[in-house]
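1. with the sequence up front, the predicted model follows.
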Amino acid sequence: MPQELMKEFIGKVCTIMMFNESFGVQGKIVAIEDNWIKVDEKNRIRIINGDMVRDISIAPEKYQK
């Protein structure tokens, strides 16, 4: 996934679907560096390889807090 497109999602609560998983990762994207996405979930920080991302969707406005 192109990094310039992913940067539009920084600061937003998103669901990230990956090629090898049935369930997505949901959290706020806090940073994107090189091909890595840093996601703040409820109780932890995850670093996701951008090559494994199938799609990213933005949560509705009511979840953006």
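-> Now that the structure is in, tell me what you want to look at. Residues are numbered from 1 along each chain as shown.
2. centre of the chain versus the biggest strand by length in the chain, how much separation?
-> The longest strand of the chain (DSSP state E) is strand 25-33. With C-alpha atoms, centre = their mean, to the nearest Å as the basis, strand 25-33 stands 4 Å off its chain's centre.
3. any idea of the angle the helix or strand that comes right after that strand forms with strand 25-33?
-> Going down the chain from strand 25-33, the next helix or strand is strand 36-40, by DSSP states H and E. Here strand 36-40 runs at an angle of 130 degrees relative to strand 25-33 (axes from the mean of the first three to the mean of the last three C-alpha atoms, to 10 degrees).
4. buried residues in strand 36-40?
-> Ile37, Lys38, Val39 (16 or more other C-beta atoms under 10 Å). Yep, even glycine has a C-beta here, placed from its N, CA and C like the rest.
5. and the end-to-end length of stretch 39-46?
-> Distance across stretch 39-46, first residue to last, is 5 Å (C-alpha to C-alpha, to the nearest Å).
6. any chance you could list what contacts that stretch?
-> Cys14, Ile16, Val25, Gln26, Gly27, Lys28, Ile29, Val30, Lys38, Ile47, Ile48 (C-beta atoms under 8 Å, 6 or more residues apart in numbering).
7. okay, and the beta partners of the second one?
-> By that I understand Ile16. Val25, Ile56 (DSSP bridges).
8. can you count the residues close to it?
-> 24 (other C-beta atoms under 10 Å).
9. now do the contacts for it.
-> Gly24, Val25, Gln26, Ile29, Ile37, Val39, Ile48, Val53, Asp55, Ile56.
10. which one (most neighbours) among the residues you listed?
-> Ile37 (26 neighbours).
11. show me what contacts the closest residue to it other than its chain neighbours?
-> If the residues on either side of it in the chain are set aside, Ile37 comes closest to Ile48, at 4.5 Å by C-beta to C-beta, 6 or more residues apart in numbering. Residues near Ile48 by C-beta under 8 Å, 6+ apart: Ile16, Met18, Val25, Trp36, Ile37, Lys38, Val39.
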